[in-house]
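# here are the coordinates; sequence isn't available:
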């Protein structure tokens, strides 16, 4: 380790021209460009594990042990295609690396049989990653040929899914830690603040506040102790970009935190991470341990006189802790309730001291900004909003996963060109951007370039960048109801507009997606009254709530009422769900003339509500029916209908 | 009981500093050790940090992570993130609740199953997702859930 340490630190501090050819070669070996035995990498990030990556790993070990093949087996992060997990990449000595999708345990042996005979199977193939000094495979698509990769501009996610997140050597060999070493050697605190401010980097967590300005405020506040906090709470359901960054390239984040801490003159940094993110916690803990051993964390880092301690704190789970003042309260051991601003945390935050809270994506941008300079960064994305943004896309889409595009790209490009649109035979209805407190963007507005300003102009919010795609089978009201129920549960209860408002909204939306049979007395009247009040309630919440959570909570209602009013009206007046997905509104029947008695519906019915004898028309017992609509989906004779 | 006290004391020793900001890590350590936070643990933590038990309990109930009843032998976690919701996790939840006769955060009387609904497991590409004792099941249907629960019941009987 000692010689390694010396080499790694030299490598990180030197310009490539100052290194000897032997040292460059050694770096290439660490980067796995030159390998002597086959290398297999398995995406062992959360999404990979859920899809069965652990079993794949075991199957690979078994396969190579049985045949006594000597290979290197390593973990990696996600390349972004989370619906295609477990993604496995294989690199044979001297050849480029090839990526395969959906390699579950049972597919391992046939895949490896082919590859070890130098045959690339077409099944489950994604493509090959070209690299200098490696011989490409014939007739295998390269990443540049695949729209998903070709149309992205991966800066922050560049190494995710390619490098081993546990290997510090690999990160350094790829140019890592040169930025941090450069600044502690030759920059003053304020120079770093100025440089980042000049680059125009803005917080990626939703607000879009200038990162450099935030740092300057904290730097200029006189204090003995300042704190840097990395917000890795990401409690937004459907957003997973921060997790992918922590699982795919944790050293990049830690380098970013180190740079930010240095810039504000802080020697104490915390990573506030969601306790559910077990795999991210494992990787971050490992990285902190390695950095301490190397001497890049601790007292007097490489004799520069700068001390830095980074510790990890697990967030006990509350959506509101994504808000910076609530996060600080939670760090202090109190309930995660926001407080009014000003004072901003940058002047009085954790324990009353100046504190800067930045999110994972923002911080992960820093090493490259320092390395390539602010002008390089300003050249990417929109003029007022440089850089890239990672979106996590899920819902009714052909591919779901992460997409990193320059700011100013349209939603249309992201959804239709990169991700490949909605599933076969479906039609896109809208997308929901920014999680439970986000907005619905109808098809017509998808042509706007995505920057903080243009979103604001159209009364939309970007939030953290989670996108849920809705097709013609998704009900707008049902989605909004889900979000309001979620917000109601997550409201901290401090201020009344949010606490009571979210509850009322959830009640109103619940009442319009229910059958009248469930209502008694004057509740019908209440329902109409309530619906009429949705809009004014949303206004009140927006204007009077204390924190961003409450102010943004009515966003789904406001935006959907604006663009999808007709869907609400259909639910209220006709008691009908146009996209047929509000299960409580449906009553299913079987057409006696069309039913051939094939019995498939009865077999598939989860509540055993369909009775009959084979070759005679079947019948649905309404009392037992839960309205799931499976019988409708499976019927080949269109005999099932609903009223 | 005596054993529990010793284990709580052992955890408290890991947090020698009597500071308010040790409260959440302490509760998390107890939760990791026992799987839930007992009444005894709350009052002991309160004494250790010179805080009233009511404050400790109030804080613990604010956050989603802490549970106050022992976990079942099989801990079922169902994801109800946006993507899973769109893929029908609501129906899965109804089915599991019906099969096990418990709701979110509860444990069956025989102590075999407990159910937790999480806001997002983070595998939106594989939705809907469920895990039982860390073993994940993805792209589930109601029928598959029924089979899985049945399988675990049979395993337990054996």
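Cool, got the structure. Since this is a predicted model, take the numbers as computed values, not measurements. Numbering: from 1, shown residues only, chains lettered A, B, ... in the order given.
# Those residues of the stretch 251-400 of chain A touching chain B, which are they?
For the stretch 251-400 of chain A, the contact set with chain B under Cβ under 8 Å from any Cβ of the partner chain comprises A:275-277, A:313-314, A:316-319, A:330-336, A:392, A:394-396, A:400. No exception for glycine: its C-beta is placed from N, CA and C like everyone else's.
# Mind splitting chain A into its structural domains?
A:31-146, A:169-378, A:388-474, A:477-574, A:586-642 (automatic domain parsing).
# For these, could you give me TSV that also reports mean pLDDT?
Listed next are those as TSV, based on pLDDT from 0 to 100:
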stretch	mean pLDDT
domain A:31-146	93
domain A:169-378	93
domain A:388-474	91
domain A:477-574	86
domain A:586-642	86
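# Same list, the ones you listed, but as TSV with mean neighbour count and distance to residue B:156 please.
Listed next are the domains of chain A as TSV, based on neighbours: other Cβ atoms under 10 Å in any protein chain shown; distance: least, Cβ to Cβ, whole Å:
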stretch	mean neighbour count	distance to residue B:156
domain A:31-146	18	23
domain A:169-378	22	25
domain A:388-474	21	34
domain A:477-574	19	31
domain A:586-642	16	23
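# Report how many residues lie close to residue B:153.
15 (other Cβ atoms under 10 Å in any protein chain shown).
# tell me the contacts of it?
The contact partners of residue B:153, by Cβ atoms under 8 Å, 6 or more residues apart in numbering or on different chains, come to residue B:112.
# Just give the closest residue to residue A:163, not the sequence neighbours.
Counting by Cβ to Cβ, 6 or more residues apart in numbering or on different chains, the nearest residue to residue A:163 once its immediate chain neighbours are dropped is residue A:170, at 4.8 Å.
# from memory that neighbour sits against residue A:31, does it?
Yes. Applying Cβ atoms under 8 Å, one finds residue A:170 in contact with residue A:31, separated by 6.1 Å.
# Pull up the overlap in contacts between these two.
Joint contacts of residue A:170 and residue A:31 (Cβ under 8 Å, 6+ apart) are residue A:163.
# Take the residues of the stretch 251-400 of chain A next to chain B and keep only those in helices.
A:330, A:331 (DSSP state H).
# Among the residues of the stretch 251-400 of chain A next to chain B, which lie within strands?
A:313, A:314, A:392, A:394, A:395 (DSSP state E).
# can you map out the strands along chain B?
Taking DSSP E as the test, the strands found in chain B are B:74-79, B:113-118, B:130-132, B:135-137.
# And for the stretch 201-350 of chain A?
A:227-232, A:268-274, A:309-315 (DSSP state E, counting those that start in this stretch).
# mind giving me CSV with the ones you listed and columns for distance to residue A:414?
What follows is the strands of the stretch 201-350 of chain A, written out as CSV (distance: least, Cβ to Cβ, whole Å):
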stretch, distance to residue A:414
strand A:227-232, 24
strand A:268-274, 25
strand A:309-315, 29
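# out of the ones you listed, nearest to residue A:54?
When the strands of the stretch 201-350 of chain A are ranked by proximity to residue A:54, the top entry is strand A:268-274, at 21.3 Å, counting by Cβ to Cβ.
# so how far is the closest one off the chain centroid?
From the chain centre to the centre of strand A:268-274 is a distance of 18 Å (Cα atoms, centre = their mean, to the nearest Å).
# ok, now stretch A:542-552?
Using Cα atoms, centre = their mean, the offset of stretch A:542-552 from its chain centre is 24 Å.
# which residues touch that stretch?
The contact list for stretch A:542-552 (Cβ under 8 Å, 6+ apart) reads A:206-207, A:319-320, A:322-323, A:325-326, A:338, A:340, A:437-438, A:461, A:463, A:487, A:490-492, A:494-495, A:497-498, A:501-502, A:541, A:553-554, A:558.
# and with 7 Å instead?
A:320, A:323, A:338, A:340, A:437, A:461, A:494, A:495, A:497, A:498, A:541, A:554 (Cβ atoms under 7 Å, 6 or more residues apart in numbering or on different chains).
# Go through those residues and name the one nearest chain B.
The closest of those to chain B turns out to be residue A:320 (Cβ to the nearest Cβ; 9.5 Å).
# gap between the residue nearest to residue A:163 and chain B?
Per Cβ to the nearest Cβ, to the nearest Å, residue A:170 is found 24 Å from chain B.
# Next, the contact list for residue B:113, please.
Counting by Cβ under 7 Å, 6+ apart, residue B:113 has contacts B:72, B:74, B:76, B:100, B:102.
# just checking, the last one touches residue B:115?
Read that as residue B:102. Yes. Counting by Cβ atoms under 7 Å, residue B:115 is a contact partner of residue B:102 at 5.3 Å.
# okay, these two: which has more neighbours?
Ranked by neighbour count (other Cβ under 10 Å), residue B:102 and residue B:115 place residue B:115 first, with 22 against 18.
# Let me see the contact set for that one.
By Cβ under 7 Å, 6+ apart, the contact list for residue B:115 reads B:76, B:96, B:100, B:102, B:104, B:106.
# ok, and the most crowded of the residues you listed?
Highest neighbour count within the contacts of residue B:115: residue B:96, with 25 neighbours (other Cβ under 10 Å).
# Residues of chain A that sit close to chain B?
Residues of chain A found near chain B (Cβ under 7 Å from any Cβ of the partner chain) are A:46-47, A:49-51, A:82-83, A:85, A:235, A:237-238, A:240, A:243, A:275-276, A:314, A:316-318, A:330-333, A:335-336, A:392, A:394-396, A:400-401, A:468, A:474, A:482, A:606, A:628.
# For the nearest residue to residue A:402 once chain neighbours are set aside, which residues are in contact?
Nearest non-adjacent residue to residue A:402, counting by Cβ to Cβ, 6+ apart: residue A:80, 4.0 Å away. Under the criterion of Cβ under 7 Å, 6+ apart, the neighbours of residue A:80 are A:157, A:161, A:401, A:402, A:403.
# Spatially, what comes nearest to residue A:462 if we skip its sequence neighbours?
Residue nearest to residue A:462 in three dimensions, not counting chain neighbours: residue A:455, with 5.1 Å by Cβ to Cβ, 6+ apart.
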